[in-house]
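Colleague: Kindly generate the corresponding structure for this input.
(one chain, ligands or ions: 1)
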Amino acid sequence: MQLTPHFSLAELIASRTASVRGIDNTPPPEVLARLQATAQMLERVRTHLGAPVIVTSGYRNRELNVAVGGVTSSDHTTGQAADVVAPRFGTPTQIARTLAPHISMLGIGQIILEGIKGKQWVHLSTRVPPVAANRVITITDAGVRLGIQELT
Ligand SMILES: [Zn+2]
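Modeller: So this is what the prediction gives:
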C-alpha cells in the first residue's frame, strides 16, 4: 500500500527486529492515519533535499519499541516519527542542517540529529514538542544538546 508517491506503508512499518522476534507491527487504524501524515512530511523533505530519503525505522508498537530500546514516550509508537538517512544527499548532519531552517514550512514538528553507538541518522517527527527549544536537538551517547551539534 502506497501512502504517498515515494513512501509505502511497508517501508514505514518494516523492522528487522520485529521479523527476527516475531513481533506483529501492523498498525491500528488511528496509527495508519498518522503514518499517512508522516509520509506526507517525508515527501516534502524528499522534495526539499532533492534526493531519495530512506526510512530506517518508522512505526514501532510498544513491544517493538521496548525491543529496540526506544524511549517510552517515543513518537515512533504513535506513528508520528521516522528515522531517515539520505546518502545521495549527504550525511545526517548535512540533512539536519539543511532542514532545520525550514522546519515549519516542511511541517516537521521535531528534528533530532542522532549519533548513537557509531550509527548516525535524522529523526523526524510531525509532533511539535511542548518546549519549543526542543524542536531541533542533537542526541549522542553523551546526552542531549539543543540545536544541531557536532556528533563527536
Ligand atoms: Zn527516531
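
Colleague: quick one: contacts for the closest residue to the ion within the chain?
Modeller: In the chain, the residue found nearest to the ion is H123; the distance is 3.4 Å by C-beta to the ion. All C-beta spots, glycine's among them, are computed from the backbone N, C-alpha and C. Counting by C-beta atoms under 8 Å, 6 or more residues apart in numbering, H123 makes contact with A81, A82, D83, V84, Q110, I111, I112, L113, E114.

Colleague: Ramachandran coordinates for it?
Modeller: When quoted as degrees, to the nearest 10, the phi and psi of H123 stand at phi -90, psi 120.

Colleague: Next: the one 10 residues further on.
Modeller: Reported as degrees, to the nearest 10, the phi and psi values for A133 are phi -60, psi -20.

Colleague: Could you count how many residues lie near it?
Modeller: Using other C-beta atoms under 10 Å, A133 is surrounded by 9 other residues.

Colleague: hang on, it packs against R145?
Modeller: No: in this structure, A133 is not within contact of R145 by C-beta atoms under 8 Å, at 11.0 Å.

Colleague: Alongside the ion, which residues does the protein contribute?
Modeller: D83, H123 (C-beta under 5 Å from the ion).

Colleague: for the top helix by length along the chain, which positions count as buried?
Modeller: Assignment by DSSP state H gives helix 29-49 as the longest helix of the chain. Along helix 29-49, these residues count as buried under the neighbour rule (16 or more other C-beta atoms under 10 Å): 31-32, 34-35, 38-39, 41-46, 48-49.

Colleague: Can you give me the neighbour number for Q2?
Modeller: Q2: 11 neighbours (other C-beta under 10 Å).

Colleague: Can you check the pLDDT for it?
Modeller: On pLDDT, Q2 comes in at 96.

Colleague: and if you look at R60?
Modeller: As predicted, R60 sits at a pLDDT of 96.

Colleague: Now do the SS call for it.
Modeller: Here R60 is recorded as coil under DSSP: H, G, I helix; E, B strand; the rest coil.

Colleague: My guess is it contacts N25. True?
Modeller: Yes: counting by C-beta under 8 Å, R60 sits close enough to N25 to count as a contact (6.9 Å).
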